[in-house]
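Novice: pasting a predicted model and its sequence here:
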Amino acid sequence: MANPWAGEVAVVVDGERREAKLTLGALAELEAALGTGSLVELAERFESGRFSARDVLMLVVAGLRGGGWRGTAEDLMAAEIAGGPVAAARIAAELLARAFTAPEP
């Protein structure tokens, strides 16, 4: 079960439940993969609803890798995320929020 106090978000990929979280290493990997802008700009895009499918994909990949998964963006593009693109966008937003805020008690 995902632990929000540890910044974890549950993700079901190809029927397998995984915990994702944005560790410092995963965040650094995310910045490199996005190539432009900062994490603050990425958060602003999510807050304003101006994020792209690539933003969602790279956030979910970074979160999964932070949770111990060893796949790549190409692997995730060929996989099925339970709930489809809407769930993937929700997961990406939760990952970003949990990486920078403490959950409410």
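Specialist: Received it, and whenever you're ready, just let me know what you need.

Novice: so for the one helix or strand in the chain whose mean pLDDT sits lowest, what gets flagged as buried?
Specialist: Using mean pLDDT, DSSP states H and E, helix 39-48 stands out as the lowest-scoring helix or strand of the chain, at a mean of 84. For helix 39-48, burial by neighbour count (16 or more other C-beta atoms under 10 Å) applies to 39, 42-43, 46. In short, each C-beta sits where N, CA and C put it, glycine included.

Novice: do the same with stretch 28-37
Specialist: Residues of stretch 28-37 classed as buried: 29-31, 34 (neighbour count, 16+ other C-beta under 10 Å).

Novice: show me where the protein has strands.
Specialist: 9-13, 16-20 (DSSP state E).

Novice: relative to residue 3, which of these is closest?
Specialist: Closest approach to residue 3 among these is made by strand 16-20 (7.6 Å; C-beta to C-beta).

Novice: so for the closest one, mean pLDDT?
Specialist: For strand 16-20, mean pLDDT is 97.

Novice: other residues contacting that strand?
Specialist: The contact list for strand 16-20, computed with C-beta atoms under 8 Å, 6 or more residues apart in numbering, reads 2-3, 8-12, 60, 63-64, 66-67, 69, 91, 95.

Novice: lovely, talk soon.
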